[in-house]
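Colleague: Fold the following, please.
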Amino acid sequence: MTASSASKRFEDQRNWQFRLVAGLMAPVLRLIFNIKTTGIEHLPKGGYILVGNHVSYLDPFAFAYSVYIHMRRIPHYLAKESLFRIPIVGKILPKVGQIPVYRGGKSNEEPLRVAKEYLAAGQVVIVFPEGTLTRDPDLWPMRGKSGAIRLALELGLPVVPAAHWGVEKVLGNYSKKFRPNPFHTVRVKIGKPIYFQKPKNDALTAKEMADATDKVMREVAALVGQIRGEVPPEKLWDPNDKGQTQTGNFRKETK
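Modeller: Numbers count the residues shown, from 1 in each chain. Have a look, this model is predicted:
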């Protein structure tokens, strides 16, 4: 898919496929929670990578609602491939511009190529850099992975940090207890875009990449703190330091 075809796919989604799904989902989501978005004035024009914290399985829906309804952009997710194997849902996701990401050593060259083409066509790609729901016991953002930074550097596009809080009251962290409440407010806060200067040798060192990723995640944590009215921890939670697995339901694994 070329940049022009990515743009055409976007127009097709805007005309009927995405509009149909969004038209069905938006009122359903409004019955689950009430989303309020602030900081929209910080959003740049054109393509950008929106990164956020990940506390609940409902996070993608909350961000998608905020992006489509409040930011008036089509959300394109880099989402785990297992979702694309769910009956019916798996058929719909690629048709509305969602991109599967593979785990377990399988190449993600093709998904990243598609993400780049959406971004080059001026679209928005959403990434949860943590790669899984946070394992922090107080639900602060964890350390992140560098994929969003690599995309930003390669394309010369900004990373926009964002945070949300309140979804965990509807569906808790690694929980199946669902408590929909149309009067419960979920707050989404958008931060200022972060621009990374491309290094002279066309590649950041491992330390520079880690520092850049840490900078983004600290911005996300600071936004979470502003919503919560609390100060985030000095050191972001790292599953490696705690002997935890990188993916999967760690609560179930430790029982």
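Colleague: can you give me the strands in the protein?
Modeller: Applying DSSP state E to the chain gives strands spanning 34-38, 48-51, 75-80, 99-101, 124-127, 159-165, 185-190.
Colleague: quick one: buried residues of the fifth one?
Modeller: Buried residues in strand 124-127, counting neighbours by 16 or more other CB atoms under 10 Å, are found at 124-127. Using the backbone N, CA and C atoms, a C-beta is placed for each residue, glycine as well.
Colleague: ok, of the residues you listed, which one's closest to residue 180?
Modeller: Using CB to CB, residue 126 is the member of the buried residues of strand 124-127 that sits closest to residue 180, with 22.6 Å.
Colleague: what about the residue nearest to residue 132 when sequence neighbours are not counted, neighbour count?
Modeller: Closest residue to residue 132 apart from its sequence neighbours, by CB to CB, 6 or more residues apart in numbering: residue 247 at 5.1 Å. Look at residue 247: counted by other CB atoms under 10 Å, it has 12 neighbours.
Colleague: ok now do residue 247, which residues does it touch?
Modeller: 103, 131-132 (CB atoms under 8 Å, 6 or more residues apart in numbering).
Colleague: Selecting buried members of the residues you listed in PyMOL, what would you type?
Modeller: This is how PyMOL selects the buried members of these, with burial counted by 16+ other CB under 10 Å:
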select buried, resi 131+132
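Colleague: Mind putting the contacts of residue 247 into JSON lines with distance to residue 73?
Modeller: What follows is the contacts of residue 247, written out as JSON lines (distance: CB to CB, whole Å):
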{"residue": "103", "distance to residue 73": "27"}
{"residue": "131", "distance to residue 73": "23"}
{"residue": "132", "distance to residue 73": "25"}
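Colleague: Where does confidence bottom out across the contacts of residue 247?
Modeller: Note: of the contacts of residue 247, the lowest pLDDT belongs to residue 103, at 70.
Colleague: and it, what does it touch?
Modeller: 80-81, 247.
Colleague: if you set the cut-off to 10 Å instead, what comes out?
Modeller: Neighbour list for residue 103: 80-82, 131-132, 246-248 [criterion: CB atoms under 10 Å, 6 or more residues apart in numbering].
Colleague: cool, residue 129 as well?
Modeller: Per CB under 10 Å, 6+ apart, neighbours of residue 129: 49, 51-54, 141-149, 159, 161, 213, 216-217, 220.
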